[in-house]
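[1] how does the following fold in three dimensions:
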Amino acid sequence: MKFDEQHRIRAFTLVELLVVIAIIAILAALLLPVLGKAKERSQTAGCLNNMKQLQLCYQIYGDDNNDYLPPNGVIPDLDVSWVLGAAQTDVTTTNIQKGLIFRYNQQVKIYVCPANRLMIPDGDGGSVPQTRTCAVDFALGGYAGTPAQGGRTFKGVTTLAKFNQIQTSSAGVAQKIVFVDEAQNGVDDGCFGIYPESSANNTWWNIPGCRHDGKRACSFTFADGHAEVWRWHGSAVIADNSMAYSDIWNGYAFADPETVPGSSDDLRRVQSGTVH
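    Below you'll find the model as predicted:
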């Protein structure tokens with residue numbers, strides 16, 4: 001049986017196949033960076049939303065507790081705090097669920113940045129994703145205790161006990177930092193330590209994260225309820241984020257080797273959100 005010439009099936013030649021493959025490769029090279037940036041923007045938006053949800057929980061706690069701030073415990077005194085445990089060792093969300101603000105939003109995922117990729121050893125030879133990356137400024141209810149303890153001083157930081165003290169503080173509610181998306185290798189207890197601007201201490205105590213905007217930015221919330229992403233101008237924060245936990249901390253006695261901030265304004269910007 002003869003096939004009609006005009007109906008004969010024509011196969012691709014090798015050259016044509018190579019051209020198609022080359023076109024697909026070019027399109028992929030053009031699209032992948034766009035998709036990567038879209039994913040990064042999505043993670044940044046997710047992180048901001050998580051932080052806003054935490055800030056709302058934080059403020060509702062004050063409404064329910066005679067204007068008191070949630071206690072902000074420090075290791076090893078994590079018996080009562082807005083969150084319990086240590087983010088470098090917790091392999092479950094139990095310590096998040098035991099925290100004082102968890103009942104206002106029982107979604108554990110809001111405690112961790114969507115861009116975080118750190119895995120925590122589970123003790124059985126495996127590892128699990130880090131459960132928390134956020135911390136609260138140490139000045140806000142620092143030290144464990146109910147109600148929150150105010151007027152106590154540690155490393156130059158004087159703690160506040162009530163929301164109305166934020167309103168009358170040097171930072172004010174619109175500028176006062178509450179939640180910080182902390183460096184994944186440094187976050188442990190619920191406190192983010194930062195020297196006040198008035199201390200003239202030119203070193204970082206704890207280090208914020210840098211998981212956004214090309215791994216050069218971090219999320220913060222403020223006492224008036226809004227959240228922002230800050231891009232780092234210098235390299236000190238970025239360099240410190242790459243350090244291992246064992247290089248940052250020497251135990252839980254605040255004996256971390258403090259980081260020199262370099263010549264940028266990054267440290268002063270964060271200090272401007274502290275109680276002066």
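[2] for the rest of this, base every contact and every neighbour count on C-alpha atoms.
    Noted.
[3] centre of the chain to stretch 118-131, how far?
    18 Å (C-alpha atoms, centre = their mean, to the nearest Å).
[4] so which residues of this protein form helices?
    14-64, 94-97, 163-167, 236-241, 245-248, 266-271 (DSSP state H).
[5] rank those by pLDDT, which is bottom?
    Ranked by mean pLDDT, these bottom out at helix 245-248, with a mean of 58.
[6] which ones are touching the residue nearest to Ala87 when sequence neighbours are not counted?
    Spatially, and ignoring its direct neighbours in sequence, Ala87 is nearest to Asp188 (4.5 Å; C-alpha to C-alpha, 6 or more residues apart in numbering). For Asp188, the contacting residues are 85-88, by C-alpha atoms under 8 Å, 6 or more residues apart in numbering.
[7] neighbours of Phe220, how many?
    26 (other C-alpha atoms under 10 Å).
[8] identify the bridge partners of the closest residue to it other than its chain neighbours.
    The spatially closest residue to Phe220, leaving aside those adjacent along the chain, is Val180, at 4.8 Å (C-alpha to C-alpha, 6+ apart). Judged by DSSP bridges, the bridge partners of Val180 are Ala135, Phe220.
[9] these two touch, right, Val180 and Cys113?
    No. Counting by C-alpha atoms under 8 Å, Val180 does not reach Cys113; the two are 10.7 Å apart.
[10] and the closest residue in space to Ala183 that isn't next to it in sequence, how far from Leu140?
    Leaving aside its sequence neighbours, Ala183 sits nearest to Gly209 (C-alpha to C-alpha, 6+ apart; 3.7 Å). With distances taken as C-alpha to C-alpha, to the nearest Å, Gly209 is found 20 Å from Leu140.
[11] kindly report the same for Thr159.
    The value you get for Thr159 to Leu140, if C-alpha to C-alpha is used, is 6 Å.
[12] circling back to that earlier point, kindly state the pLDDT recorded for the residue nearest to Ala183?
    Reported pLDDT for Gly209: 95.
[13] contacting residues around it?
    Counting by C-alpha under 8 Å, 6+ apart, the residues that Gly209 touches are 181-184, 217-219, 237-238, 241.
[14] from those, which has minimum pLDDT?
    Asn241 (86).
[15] my guess is that one contacts Gln184, does it?
    Yes. With contact defined as C-alpha under 8 Å, Asn241 counts as touching Gln184 (7.2 Å).
[16] just want the most central residue of the chain.
    Nearest to the mean C-alpha position of the chain, counting by C-alpha atoms, centre = their mean, stands Asp181 at 1.9 Å.
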